[in-house]
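Enquirer: Using only what follows, build the 3D model:
(chains A and B)
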Amino acid sequence: MATAALRLTGVSVGYSGTPVVTGVDLELRPGQRLALVGPNGAGKSTLIKAVLGLAAILEGTATVLDRTPARARALTGYVPQTGNLDPDFPVSVRQVVMMGRYRQLGWWRPARAADRRAVAEALDRVGLADRAGHRFGLLSGGQRQRVLLARAIAAQPRLLLLDEPFNGVDAVSQEAIVRVLRELSAAGAALVLSTHDLAVARDLADLVCLINGRQWAVGTPAETLTAKPLRQTYGSSAIDLADGRMVLVEP
Amino acid sequence: MIEPFTVPFMGRALTEIALLALICGPISVFVFVRRLSFVSDALTHTVFPGVVVGFVAGGMDGLFTGALVAGVLTAVVLTVLTRSARLTDDAATAVVLTAMFSIGVILVSRRTSYTSDLTAFLFGRLLTVTPRQISETAVLAAVILIALAIGARALTFRAFDPAGAAAAGLRIGRLDLWLNILLALVVVAAVRAVGTILVVALLVVPAAAARMVTDRLVPMAVAGTGLVLAAGYFGLLLSWTASLRYGVALTSASAVVLMLVLAYVLLLPLRRWRDRAFTGRPSPHELVG
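Expert: Next comes the predicted model:
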């Protein structure tokens, strides 16, 4: 029987002793896709950082692939928000994806054929094989996000964490990313992605965790993306339409 | 064009510059991508009191040890301050910079013949470089280049994407300390030849100028080294010609730095042209200066 890819029990996470998110209880199995849904500043990124062992777990226990978060890093992948990266950085698309192989390569062993193949395959999967030689910063926002996804794939992670992968991403790139994410989970990888897009969460996730300072609900999209928990999570920016559907109005 | 360099002191000066070029090209790439220009500036200033104390204690040889101790100490203090204390990088750096530099000035002003000493510390003595100094620079250059080669992959990852690098298991604090200590060592290697003020130009300008002609990291390092070499050659030639032919006293280190900055200015239009050619618009960096 497969063990949990991620198990959080009564977890509070934060920085310098100050909690950002409290009371998180969830379990994610291999092959499942979890969406962390909440408004900006809800603590989605902090929770992802905690799973990577980069933000402190103040209470409760977190188990990542049967290890502590820090010890599981070799098996986890992380896709940051592309907006945080300097578009002027002198680095090619291929070099960015090769960074995903650095853990296997160590400090200075030169890249071997297997590494170059993994990089080429990862770029091919996200549909950017023809851009390998381009400078990273010259690509569109959506393409950059796909390059960062390729970098994570190149390391073959068993748990992949993505921070707002669809922020500022064009439709073509969004489609490509969704396709790759479905393929990855079909192959057995567990996925965690943060988003404030309810449609993405509904379409893509097996599990949804609503957070805003604390966990408000966790369950299938049908259970969680309903009026009461959304109003608890989003307050007055969640508006109940007459037909029972919800819309979010960005504050 | 070669003839002035057959004179022993000119040959030694050029050798020293060539060794500095070897390390300044690669290290300046990291200064550029990590935006550590201000940290480099701080390091050059904080080495100053170490230089003075070293000189007072042991003359020109003590100067080297003094610079080494002060440089490494600053690298550690700067890394710790910017990581643990809730200071922005800039504020922490400015505090360390001004504190150490004023200590240096106080120390220098307590010496009787301070004016001549002060200029030597600030602007270096490129033409009086001794064979022993050259071998010390060579040893330091070897250490720096090896350490940089070992860390290059991790340092690049950290510079490009700190969160991604940390998630991949790299220790960001240790990498920052690593780079800051290497920067301090470069300052120590260069400080006797070009002085505490001008050494910052060798740390910042090569990669900034090389970025105009290439957007790849290794070619940037190579081009940066080439630029320092060329600036060294033409700068020394300029100061030689100016003093011998026209009786104008032009400090050789200043002439070298002047050439380096000139190369930067001359390459500026090339960058604009390249950016237009590739994207049809100037890069955001240039829009904000």
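Enquirer: What is the subsequent helix or strand relative to the helix or strand containing residue B:28?
Expert: Assigned by DSSP states H and E, residue B:28 belongs to helix B:8-33. Per DSSP H and E, the first helix or strand lying C-terminal to helix B:8-33 is helix B:37-83.
Enquirer: hmm, that next one in reach of chain A?
Expert: No - Helix B:37-83 is not in contact with chain A by C-beta under 8 Å from any C-beta of the partner chain; minimum separation 12.7 Å. All C-beta atoms are positioned from the backbone trio N, CA, C, and that covers glycine.
Enquirer: Which secondary structure elements does that helix sit against?
Expert: Judged by 3 or more C-beta pairs under 8 Å, 6 or more residues apart in numbering or on different chains; DSSP states H and E, helix B:37-83 is in contact with helix B:8-33, helix B:89-109, helix B:114-123, helix B:172-210.
Enquirer: between that helix and helix B:89-109, how big is the angle?
Expert: Interaxial angle, helix B:37-83 versus helix B:89-109 (axes from the mean of the first three to the mean of the last three C-alpha atoms, to 10 degrees): 110 degrees.
Enquirer: what does the average pLDDT come to for helix B:37-83?
Expert: Helix B:37-83 comes out with an average pLDDT of 84.
Enquirer: Adding mean pLDDT, write the helices and strands packed on helix B:37-83 out as TSV.
Expert: As requested, the helices and strands packed on helix B:37-83 are exported to TSV (pLDDT from 0 to 100):
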stretch	mean pLDDT
helix B:8-33	94
helix B:89-109	80
helix B:114-123	67
helix B:172-210	90
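Enquirer: what's the most buried one of those helices?
Expert: Of all the helices and strands packed on helix B:37-83, helix B:172-210 carries the top mean neighbour count, a mean of 25, counting by mean count of other C-beta atoms under 10 Å in any protein chain shown.
Enquirer: could you check the angle helix B:37-83 makes with it?
Expert: Angle, helix B:172-210 to helix B:37-83, by the same axes, to 10 degrees: 170 degrees.
Enquirer: hmm, back to that, the helices and strands packed on helix B:37-83: which one's closest to residue B:83?
Expert: Closest to residue B:83 of these is helix B:172-210 (C-beta to C-beta; 5.4 Å).
Enquirer: touching chain A at all, the closest one?
Expert: No - on the criterion C-beta under 8 Å from any C-beta, helix B:172-210 is out of touch with chain A, staying 9.1 Å away.
Enquirer: and after that helix, which helix or strand comes next?
Expert: helix B:217-246.
Enquirer: Can you spell out which helices and strands pack onto that following helix?
Expert: In terms of contacts (3+ C-beta pairs under 8 Å, 6+ apart), helix B:217-246 is packed against helix B:8-33, helix B:172-210, helix B:252-279.
Enquirer: And the helix holding residue B:28, how far out from the chain middle?
Expert: 9 Å (C-alpha atoms, centre = their mean, to the nearest Å).
Enquirer: what sits opposite residue A:22 in the beta ladder?
Expert: Beta-bridge pairing of residue A:22 under DSSP bridges involves residue A:214.
Enquirer: That one and chain B, how far apart?
Expert: For residue A:22, the distance to chain B equals 23 Å [C-beta to the nearest C-beta, to the nearest Å].
Enquirer: Would you enumerate the residues in contact with that residue?
Expert: Contacts for residue A:22 (C-beta atoms under 8 Å, 6 or more residues apart in numbering or on different chains) come out as A:12, A:59, A:213, A:214, A:215.
Enquirer: So what's the residue count around the last one?
Expert: Counted with other C-beta atoms under 10 Å in any protein chain shown, the burial measure for residue A:215 works out to 23 neighbours.
Enquirer: can you list the residues of chain A near chain B?
Expert: Selection of chain A residues close to chain B by C-beta under 8 Å from any C-beta yields A:49, A:52, A:54, A:73-74, A:76-78, A:80, A:84-92, A:95-96, A:99-100, A:102-103, A:105, A:107-108, A:135, A:138, A:148, A:151, A:155, A:161.
Enquirer: among the residues you listed, which are in helices?
Expert: A:49, A:95, A:96, A:102, A:103, A:105, A:148, A:151 (DSSP state H).
Enquirer: quick revisit: among the contacts of residue A:22, which two are most distant?
Expert: So, the contacts of residue A:22 by C-beta to C-beta: farthest apart are A:59 and A:213, at 14.3 Å.
Enquirer: element containing residue A:247, please.
Expert: According to DSSP H and E, residue A:247 maps onto strand A:246-248.
Enquirer: Count the residues that sit near the residue nearest to residue B:237 when sequence neighbours are not counted.
Expert: Excluding the flanking residues, the one nearest residue B:237 by C-beta to C-beta, 6 or more residues apart in numbering or on different chains is residue B:4, at 6.3 Å. Residue B:4 is flanked by 16 other residues according to other C-beta under 10 Å.
Enquirer: Flag the shaky bits of the stretch 151-251 of chain A, pLDDT-wise.
Expert: Across the stretch 151-251 of chain A, the ranges flagged by pLDDT under 70 are A:239-246, A:249-251.
Enquirer: where does the nearest residue to residue A:10 once chain neighbours are set aside fall, phi/psi-wise?
Expert: Leaving aside its sequence neighbours, residue A:10 sits nearest to residue A:60 (C-beta to C-beta, 6+ apart; 3.5 Å). When read as degrees, to the nearest 10, the backbone of residue A:60 gives phi 80, psi -170.
Enquirer: before we move on, the earlier item: among the helices and strands packed on helix B:37-83, which comes closest to residue B:65?
Expert: Closest approach to residue B:65 among the helices and strands packed on helix B:37-83 (C-beta to C-beta): helix B:172-210, 9.4 Å.
Enquirer: got the contact list for residue B:33?
Expert: A:89, A:90, B:156, B:159, B:160, B:207, B:217.
Enquirer: in the chain, which residue is closest to the centre?
Expert: I'll assume chain A. Among the residues of chain A, the one closest to the centroid is residue A:162, at 1.6 Å (C-alpha atoms, centre = their mean).
Enquirer: hm, I was asking about chain B
Expert: Centroid-nearest residue in chain B: residue B:203, 3.1 Å away (criterion: C-alpha atoms, centre = their mean).
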